[in-house]
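*Asks:* Fold the following, please.
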Amino acid sequence: MTSLDQTFTALADPTRRAILERLAQGHATVGELAAPFQISLPAISRHLKVLEHASLISNERHGKHRQCRLNPEKLAGATEWLDFHRRFWTGSLDRLGAHLKQTVRKHKR
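*Replies:* Numbering: from 1, shown residues only. Predicted coordinates for the structure are as follows:
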């Protein structure tokens, strides 16, 4: 699986996206990340492992707690991919729109 595939796999889940949004505000412990969810700590740990595997977060032990941090630079690949496809489809749809307008004008004459 490519890095981009891992990123999109990680982003596909709403719980993982919510975890990333929380980490965008600053580092947090696993317990702090788990607090808003109605799922078990082992389930949160599985989500964190997916995020770590995609390199979207880092996880360090500080005493008895594990601190998680966002690695925002790892989202750059996904951002570049999305930007490219947005430009491609916007350009394609603009050209299609112009072609349709021209075709309609020809048929009205």
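*Asks:* What is the burial count for Phe37?
*Replies:* The local packing of Phe37 (other C-beta atoms under 10 Å) involves 14 other residues. Every C-beta, even on glycine, is put in place using the N, C-alpha and C of the backbone.
*Asks:* Could you tell me whether it really is in a helix?
*Replies:* No. Note on Phe37: no helix contains this position according to DSSP: H, G, I helix; E, B strand; the rest coil, which reports coil.
*Asks:* Could you tell me the phi and psi values at it?
*Replies:* phi -100, psi 150 (degrees, to the nearest 10).
*Asks:* what does Lys64 give?
*Replies:* Backbone torsions of Lys64, given as degrees, to the nearest 10, read phi -90, psi -10.
*Asks:* what's the distance between it and Asp13?
*Replies:* Distance, Lys64 to Asp13, by C-beta to C-beta, to the nearest Å: 28 Å.
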